Structure formats: structure tokens, C-alpha cells
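model this:
(one chain, ligands or ions: 1)
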Amino acid sequence: MTTHTEHLELALACARQGPARDPNPRVGCVLVDADGQVVARGHHAGAGTPHAEVAALTAAGPRARGTTAYVTLEPCNHHGRTGPCAQALHRAGVAGVVYAVADPTARAAGGAAWLAGQGVRVEQQDHPGAAELVADWARAAVLGRPHVTWKVASTLDGRVAAADGTSRWITSAPARQDGHDLRARVDAIVVGTGTARTDDPALTARGADGTELADQPLRVVVGKSDLAPGARLTSGTTPALQLRTHDPVEVLATLAERGVHSVLLEGGPTLAGAFWAAGCVDELLVYLAPALLGAGPSAVPDLGIATVTDTARLDLVDVARVGPDLRLRLVPLTTPHPHQED
Ligand SMILES: NC(=O)c1ccc[n+]([C@@H]2O[C@H](COP(=O)([O-])OP(=O)(O)OC[C@H]3O[C@@H](n4cnc5c(N)ncnc54)[C@H](OP(=O)(O)O)[C@@H]3O)[C@@H](O)[C@H]2O)c1
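Residues are numbered from 1 along each chain as shown. Have a look, this model is predicted:
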């Protein structure tokens, strides 16, 4: 390991002390003197608290002068709730800055260039762990809202439930476990009141033995009607958050304020159709069962598409076999599909 990498590892360990679910990214900073000794460490403890650089500078006091700051994310260059970190580093007399991940936001980026302009030695060094730690935040920051993955279990004829509303289970146990693994990786799971009423889901992330994992995503129900008394979404240590709106944009804005960067949309068709129509689906995961129902709701309601040239098309980015089922990973197409050209 190079010295830079070692110090970035330390900064990353600091960053991990920050809250996992917060509107702001987890960031860590260590100040290292010319002898390679760590002078101070800092991490960002959540929105409204000092940024990691400022926390480290405060801990170091005058000893910050002449040090090199190792930061997991490019020092910000904007006045948010706290002042720009780039300026704070410069004022404290920091001689060098090594950062791992460039700030992807137009608002806060430019800290590295500003510091270099002030004569500070600035270096960017890739660090996969640091990139991974802020990946969801960065994706949401670029989108301006949480990233949405719409997950659906469907038959070959596109049905997501039988005519009587039952949908348990369309797909196999391995496919459902795959879904649980997915739940464990997102900040929030979202369903509509229709699914809450029909399926009474727990919406928890569970391991292969059925036990709930320690870290659970936020459970969210969208819709104006009350949940049934005793519904599983009203129980548990933290009852589900109900958002009494039909507007996907409002849903995502509310979730963003709560520090949600990634959403798993688990339907049903009414809510999924509304997210799709609002342009709020970034990725689609279809668990396709080799089965037919012939009746029952399809994955989306009427999208207002009257003719085949207007078909909503997606790009198939991955196909995997999960038990007897297929898992398709797709993204909405932003450019015309070849089928639509002459
Ligand atoms: N196979 C699968 O992957 C899967 C996944 C989920 C569900 N399902 C099945 O889907 C069926 C339920 O479908 P669903 O469409 O009724 O469920 P849903 O989309 O979960 O809920 C629909 C309800 O959400 C509210 N809502 C929220 N946003 C809305 C909007 N923009 N426009 C209109 N209503 C909105 C409305 O209730 P309010 O009156 O309360 O506002 C609406 O009745 C069940 O049979 C379930 O088993 C299957």
C-alpha cells in the first residue's frame, strides 16, 4: 500500500462513523504532518453538523498548519449550512490535499481547483472503498432525487397477480431471496396502499433463514387511505411511513429530506405506473417466472400508449437465471430504439 492509500484508508474508517442514512454523504478526513504522523481525524456526523475537514481542523487547532489533508470526498466549495471546506483548509494553512472522489454536484464541486489556485498541493487518488461509500449519495445528487429501482415479479404474460389479487408467490424462493438481498442494499422500500391492503407485506429485508437483518430500510406506503388496523406495516419497531399523496415527485422529495438516496419501488401496478409516467424510474428489475396466468393485473395500468410506434422501450442490461426464474435488469431508453427506426 502506498502512503496515500494508507491515509485514505484511515480517512475512510473515519467516514464510516457517520450516519448511514443522511441527506449528506459520509466523509472522513485525516491531517498528516510532514513526518507522516496523523495529527487529527474528523468525520461528518450528519446534515447541519461540521464537515469532516472542519471537524479535523478543529481537533488539530494550530497543528493543522503545514499538514496534508486526506479526504474521502473532494472538499466542498460552497456555502451550505456550513462554510466551504476548501477555504477552511486554506485558512488553516494546510499545505496539501489528497482526495479520493470528485464531488459530482455542480453546487459543491470545484474545491480542488480552488485550492490548487491558492498554491495548495492537490492530488486526486482513486479509492474504490471511498467511491463505494458515497455511490448512492452521488447518484442521487446527480439525479436531484433518490435513485429508483422498480422491482416486479411477473408471469410470461406480464401478470403481477391473479384475478383474485393473490400474488404469492409468482416467483420461486431463490428469486424472492434475491429480492431480500436487494432490499438490504437500499435506503427505502415503497409500495402503494393497494399492495399494503391486498398483501399485508412486512417489507423487511430477511436472510435466507427468514430472520430480519439488523439494518432495515425505511418502509414507505404511498396513498391517501388508512392502513388496516393491525397491518404488518403499522407494527414492528418502526412503523412504516405513510405519505398521503399520489405524486411520485413529492414522495421522492420527502424521502430525500429524510436522507434516502436509493428506493426500491415494489409496486403495485398503480403506483409503479405513476412513477413510470412521472419519469421517476431509473432501473427496472423484473423477476420473470416461466408461468402463465391469463387474467389478473399486468405490471402497469394503461400508459396511454395507443399504437406500437409509441411503445415505451427499455434497454436490457443484464439477464440472470435465479432458480427457475429469470432476472432482467433494464433501464429506460433515452435514445430511440432500433425497432422504432425505418
Ligand atoms: N407481482 C408483483 O411484483 C407485485 C408487487 C406489488 C403488488 N402486486 C399486486 O398488485 C395488486 C395491487 O395493485 P394496486 O395497483 O392496487 O397497488 P398499489 O399500486 O400498491 O396501490 C394503489 C393505491 O395507491 C394509491 N396511490 C398512490 N399513488 C397513486 C397514484 N399516483 N395514482 C393512483 N393511486 C395512487 C391509491 O390508493 P389511495 O386511495 O389510498 O390513495 C391506489 O389505490 C395486488 O394484487 C398485489 O398482490 C404484485
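
Figure out the helix or strand that residue 179 lives in.
helix 173-184 (DSSP states H and E).

buried stuff in that helix?
174, 175, 176, 177, 178, 179, 180, 182, 183, 184 (16 or more other C-beta atoms under 10 Å). Using the backbone N, CA and C atoms, a C-beta is placed for each residue, glycine as well.

Repeat that for stretch 129-148.
130, 133, 134, 136, 137, 138, 140, 141, 145, 146, 147, 148.

same question, stretch 243-263
243, 248, 251, 252, 254, 255, 256, 259, 260, 261, 262, 263.

Just confirm the fifth one is within a strand.
No. The secondary structure assignment for residue 254 gives helix rather than a strand, going by DSSP: H, G, I helix; E, B strand; the rest coil.

what does the protein have sitting close to the ligand?
Residues of the chain lying close to the ligand (C-beta under 6 Å from any ligand atom) are 152-153, 160-161, 165, 167, 170, 191-195, 198-199, 222-225, 246, 266-271, 274, 297.

related to what we said a few turns ago, what's the farthest-apart pair in the buried residues of stretch 243-263?
The largest separation in the buried residues of stretch 243-263, counting by C-beta to C-beta, is between 248 and 259 at 18.6 Å.

returning to what we had before: any chance of the buried residues of helix 173-184 in TSV with pLDDT as columns?
As requested, those are exported to TSV (pLDDT from 0 to 100):
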residue	pLDDT
174	97
175	97
176	96
177	95
178	95
179	94
180	93
182	94
183	94
184	92
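
and which of these is nearest to residue 91?
Comparing the buried residues of helix 173-184 against residue 91 with C-beta to C-beta places residue 184 closest, at 42.2 Å.

how much space is there between that closest one and residue 296?
As judged by C-beta to C-beta, to the nearest Å, residue 184 and residue 296 stand 29 Å apart.

Would you check how far apart residue 256 and the ligand are?
18 Å (C-beta to the nearest ligand atom, to the nearest Å).

same deal with residue 144?
From residue 144 across to the ligand, the span is 20 Å (C-beta to the nearest ligand atom).

Could you list the low-pLDDT ranges of this structure?
Residue ranges of the chain with pLDDT under 70: 1-2, 79-82, 108, 335-342.

Now do the domain split for it, please.
Annotated domains of the chain cover 3-138, 145-340 [automatic domain parsing].

For the residue positioned nearest the centre of the chain, list the residues it contacts.
Computing the C-alpha centroid of the chain and ranking residues by C-alpha atoms, centre = their mean puts residue 262 first, at 2.6 Å. If you count contacts by C-beta atoms under 8 Å, 6 or more residues apart in numbering, residue 262 has them with 136, 139, 140, 146, 147, 149, 185, 186, 187, 188.

The third one contacts residue 146, correct?
Yes. Assessed by C-beta atoms under 8 Å, residue 140 is found in contact with residue 146 at 5.2 Å.

hey, what's in contact with both of these two?
256, 261, 262.

Pull up the gap between the last one and residue 279, please.
Here the criterion is C-beta to C-beta. By it, residue 262 lies 17 Å from residue 279.

now swap in the first one and tell me
Note on residue 256: its distance to residue 279, by C-beta to C-beta, is 16 Å.

Tell me which of the domains of the chain is the most buried.
Of all these, domain 3-138 carries the top mean neighbour count, a mean of 20, counting by mean count of other C-beta atoms under 10 Å.

Distance from that one to the middle of the chain?
Averaging C-alpha coordinates over domain 3-138 and over its chain gives two centres that are 22 Å apart (C-alpha atoms, centre = their mean, to the nearest Å).

And residue 332, how far from residue 301?
Taking C-beta to C-beta, one finds residue 332 at 17 Å from residue 301.

For the stretch 1-150 of the chain, which segments count as helices?
Here the stretch 1-150 of the chain has its helices, by DSSP state H, counting those that start in this stretch, at 3-15, 52-60, 85-91, 111-117, 128-133, 135-143.
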